[in-house]
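Engineer: Have a look at this prediction, sequence included:
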Amino acid sequence: MSIQVSCPVCAKNYKVKEEAAGKKLRCKECGETVAIPTLESIQDEDYAENDFSSLLDDAVELEAKSKTIRRPVRRKPMVKAEKYDGDEDGPVTRKKENNYVEDLQATFLMLLDPSNLFIFMLLWLGMGLCFSLLPFAGTLGFIGLIIIRGWYSHYRFCVIYEAAAGEKHLPELSPEEGFFIPMIKWIFTWFLVHFPAYAYVGVIFFLNPEIIADAGLYLFGMETIGDNLPAFHLSMFMFLYCMGVFFWPILALCVAVGGVESVFRLDLMVLTIFKSMPAYFFTATGMFFVAGLQLGLTFANIEWGIMGLFLMRGVMIYVELVALRMIGLYYHHFKNQFAWSWG
């Protein structure tokens, strides 16, 4: 029996007798020392080679059988399919946005909603009682009226802001909110819109001192202006007054949503009104209705009585809430046409 070995360097093959197993020889080609394996290692290699060959033959046989034998397929039990409701805020669950007309209809009919009706009744009863009783309470009543008016000014801005954000309901009544700063902001907006008209009247009165002497403390009252101004000057006053009321919705939006500093950008206000003219005209109509109703109650010589004044207070609150929500909805639906972005 001979043993085959090969040089690991030049791959020269040699055959040696089995007596040389475990010894070494020198390659005749390159001179490298070549180790001759022992008989035991040669037998182990032959066994491993034979074992691998047998495993390979078994694998080939099993593969051939698998192609001819059809195996049963295990299937999962069927489950009842459930309707996909969509992810949160996804296209399935996202509610369809109301259009401008639908939101206006909901605003005019807001008292049909129980939560809105409850808030309105609280406002009506609370404001009615306060303005009916506090004037007779002296100094404390006067302070109380200032606090109530300041809180209601804050609530008015909240109505505009909530409608601008797309809310369908009236804001909740929060007595702990501040009152002084909101009242100043509310007075500031009305001062801006009324200033041109009353500045014009002031100039006319300054040039006619006899009117000042007759009017006294009620110099700028509507009745004094109506009784003492000539027709031309009265028409100019009404024109400036109406222009102020026309600009008030955009001023209120600036304060409620954009911040007080935005009221000084008259150029952006005019551009915004121009870009959304039909919607803004409709919104301003609501404020004209509120102003007209207030002027009508001022000039009407009607003895309302306590109950009549209480009922008219409710009418005024409802009309004002509708007008304020119209301002917020104007921004909510047409903010892409505004000349500046408030986020």
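Structural biologist: Received it, and whenever you're ready, just let me know what you need.
Engineer: what are the ranges of the helices in the stretch 1-150 of the chain?
Structural biologist: For the stretch 1-150 of the chain, helices defined by DSSP state H, counting those that start in this stretch occupy the ranges 39-66, 100-108, 114-133, 138-164.
Engineer: The shortest one - contacts with which helices or strands?
Structural biologist: The criterion is 3 or more CB pairs under 8 Å, 6 or more residues apart in numbering; DSSP states H and E, and the helices and strands that helix 100-108 contacts are helix 305-334. The C-beta positions use only the backbone N, C-alpha and C, and glycine is treated the same way.
Engineer: now the helix it packs on and helix 138-164, what's the angle there?
Structural biologist: Orientation check (axes from the mean of the first three to the mean of the last three CA atoms, to 10 degrees): helix 305-334 against helix 138-164 gives 30 degrees.
Engineer: Can you give me the buried ones in helix 305-334?
Structural biologist: Within helix 305-334, the residues that qualify as buried are 310, 313-314, 316-318, 320-334, counting by 16 or more other CB atoms under 10 Å.
Engineer: Name the nearest residue to the spatially most central residue of the chain, ignoring sequence neighbours.
Structural biologist: For the chain, Ala165 is the residue whose C-alpha lies nearest the centre (CA atoms, centre = their mean; 5.6 Å). Taking CB to CB, 6 or more residues apart in numbering, and ignoring the residues beside it in sequence, Ala165 has His332 as its nearest neighbour in space, at 7.1 Å.
Engineer: what residues are up against the one you found?
Structural biologist: By CB atoms under 8 Å, 6 or more residues apart in numbering, the contact set of His332 is Asp103, Ala163, Ala164, Ala165, Gly166.
Engineer: Go again with 10 Å.
Structural biologist: Glu97, Asn98, Tyr100, Asp103, Glu162, Ala163, Ala164, Ala165, Gly166, Glu167, Val257, Arg325 (CB atoms under 10 Å, 6 or more residues apart in numbering).
Engineer: Need these in a markdown table (columns: pLDDT and distance to Ala137).
Structural biologist: Compiled in a markdown table, the contacts of His332 are given as follows (pLDDT from 0 to 100; distance: CB to CB, whole Å):
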| residue | pLDDT | distance to Ala137 |
| --- | --- | --- |
| Glu97 | 59 | 48 |
| Asn98 | 67 | 45 |
| Tyr100 | 88 | 45 |
| Asp103 | 92 | 41 |
| Glu162 | 91 | 32 |
| Ala163 | 92 | 34 |
| Ala164 | 91 | 37 |
| Ala165 | 89 | 38 |
| Gly166 | 89 | 41 |
| Glu167 | 90 | 36 |
| Val257 | 84 | 36 |
| Arg325 | 94 | 33 |
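Engineer: circling back: winner for burial among the helices of the stretch 1-150 of the chain?
Structural biologist: Comparing these by mean neighbour count (mean count of other CB atoms under 10 Å), helix 138-164 comes out on top with a mean of 17.
Engineer: Can you name every helix or strand that that one contacts?
Structural biologist: In terms of contacts (3 or more CB pairs under 10 Å, 6 or more residues apart in numbering; DSSP states H and E), helix 138-164 is packed against helix 114-133, helix 180-207, helix 231-253, helix 305-334.
Engineer: and Pro278, which of those is closest to it?
Structural biologist: Judged by CB to CB, the one of the helices and strands packed on helix 138-164 that comes nearest to Pro278 is helix 305-334, at 9.7 Å.
Engineer: Show me the beta-bridge partners of Val5.
Structural biologist: Using DSSP bridges, the beta-bridge partners of Val5 come out as Tyr14.
Engineer: and it, how many residues sit next to it?
Structural biologist: Taking other CB atoms under 10 Å as the neighbour definition, Val5 ends up with a count of 19.
Engineer: That one reaches Thr33, doesn't it?
Structural biologist: No - taking contacts as CB atoms under 10 Å, Val5 lies outside contact range of Thr33: 11.4 Å.
Engineer: which residues do those two both contact?
Structural biologist: With the criterion set as CB under 10 Å, 6+ apart, the overlap between the contacts of Val5 and Thr33 is Lys24, Leu25, Cys27.
Engineer: Can you flag the buried ones in those?
Structural biologist: Burial of the shared contacts of Val5 and Thr33 was assessed by neighbour count (16+ other CB under 10 Å); the buried members are Cys27.
Engineer: Show me how far stretch 306-314 is from its chain's centre.
Structural biologist: Offset of stretch 306-314 from its chain centre (CA atoms, centre = their mean, to the nearest Å): 38 Å.
Engineer: Which residue, neighbours along the chain excluded, lies closest to Leu145?
Structural biologist: On the basis of CB to CB, 6+ apart, the spatially nearest residue to Leu145 that is not a chain neighbour turns out to be Leu134, at 5.0 Å.
Engineer: Test for you: state the pLDDT assigned to that neighbour.
Structural biologist: We note a pLDDT of 78 for Leu134 in this prediction.
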